[in-house]
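My questions are about this predicted structure, shown below with the sequence.
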Amino acid sequence: MTFHEVRFPTDISIGARGGPERRTEIVVLGSGHEERNTRWAHSRRKYNAGYGVKTLNDLHAVIAFFEERRGRLYGFRWRDAMDFKSSLPQDNVSATDQLLGVGDGTTDQFQLVKQYGSAHEPYTRVINKPVSTSVLISLDGVLQAEGSDYTLDTSTGLVTFLPGHIPASGQNVTAGFEFDVAVRFDSDQLKINMSRFHAGEIPDIPIIEIRI
């Protein structure tokens, strides 16, 4: 897949609107009861960057970014201001925020993930666009060192432990991190009415999450 490892301007995305979408089929029976079935195992996020455009310079930055991505052709990174940490938004990232797995003495690769909920039907989301400088990895709470204990692929979110540092059987592999969302523009055209922009109308700049 064609993807550029570059982030959409954060000062614009922080004012955007959007969030996760799911696809649920609902059949109402003759009794009035419902049968519900989900068509998607994973949610998909949609945003509108237009709400973050406040000035003509912002608008020009979006146009430049759009042209370099060739519209919908190339994916890119997006900072979701409401959900970009392994911890709660107002908490500091900790190396024990998320459980990646339990060691067995031989498995050397673990995928970064984030869990939502806990009591009923927790959802595990794969994190494949971590922010490299933010990632913390620990084994049973003991912080590990990137480069000497493990390596991190920031384009996939895959953590690989090096020989001699593979998690022992029963060891909890945990992580803390910040992350971006892999997205693309959801239109090959930016429809901008300059007269209405000056009057306060928000341009429509649709963004949609993509699978990597």
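Thanks, I have it.

Tell me where the model's unsure across this protein.
Residues of the chain meeting the criterion pLDDT under 70: 1, 196-201.

Could you rerun that using 90?
1, 30, 32, 38-41, 51-59, 118-120, 132, 190-204, 212 (pLDDT under 90).

Walk me through the domains of it.
Domain segmentation of the chain under automatic domain parsing yields 1-82+182-212, 85-179.

and the last one, how far out from the chain's middle?
Using CA atoms, centre = their mean, to the nearest Å, we find the averaged C-alpha position of domain 85-179 to lie 15 Å away from the chain's own average C-alpha position.

With the longest one instead?
On the basis of CA atoms, centre = their mean, the separation between the geometric centre of domain 1-82+182-212 and that of its chain is 13 Å.

Which helix runs longest in this protein?
helix 56-68 (DSSP state H).

Can you name the residues in contact with the next helix or strand after that one?
As assigned by DSSP states H and E, the chain's next helix or strand after helix 56-68 is strand 75-78. For strand 75-78, the external contacting residues (CB atoms under 8 Å, 6 or more residues apart in numbering) are 1-8, 13, 47, 65, 69, 129, 180-184, 207, 210, 212. No exception for glycine: its C-beta is placed from N, CA and C like everyone else's.

how about the most centrally placed residue in the chain, what does it touch?
Closest residue to the average C-alpha location of the chain: Val181 at 2.9 Å, with CA atoms, centre = their mean. Contact analysis of Val181 by CB under 8 Å, 6+ apart lists 45, 77-80, 129, 209.

buried subset of the residues you listed?
Burial by neighbour count, 16 or more other CB atoms under 10 Å: within the contacts of Val181 this picks out 45, 77-80, 129, 209.

and Thr174, that's in a strand?
Yes. The assignment for Thr174 is a strand, going by DSSP: H, G, I helix; E, B strand; the rest coil.

give me the number of residues near it?
By other CB atoms under 10 Å, the residues close to Thr174 number 21.

what sits against the closest residue to it other than its chain neighbours?
Computed as CB to CB, 6 or more residues apart in numbering, the closest residue to Thr174 that is not its neighbour in sequence is Thr96, at 4.6 Å. With contact set as CB under 8 Å, 6+ apart, Thr96 has these partners: 138, 141, 174, 176.

Can you add distance to Gly117 and give the residues you listed back as a markdown table?
Listed next are the contacts of Thr96 as a markdown table, based on distance: CB to CB, whole Å:
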| residue | distance to Gly117 |
| --- | --- |
| Ser138 | 23 |
| Gly141 | 23 |
| Thr174 | 18 |
| Gly176 | 19 |
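
Closest one to Leu162 out of these, please.
Ser138 (15.5 Å; CB to CB).

just checking, what packs against whichever strand or helix holds that closest one?
In this structure, Ser138 sits in strand 136-139 according to DSSP H and E. Secondary-structure packing of strand 136-139 (3 or more CB pairs under 8 Å, 6 or more residues apart in numbering; DSSP states H and E): strand 172-176.

What is the nearest of the buried ones among the contacts of Val181 to Lys191?
Using CB to CB, those come closest to Lys191 at Trp78, 20.3 Å.

Quick check: that closest one vs Ser155, distance?
Using CB to CB, to the nearest Å, Trp78 is found at 15 Å from Ser155.

Understood, closing this out.
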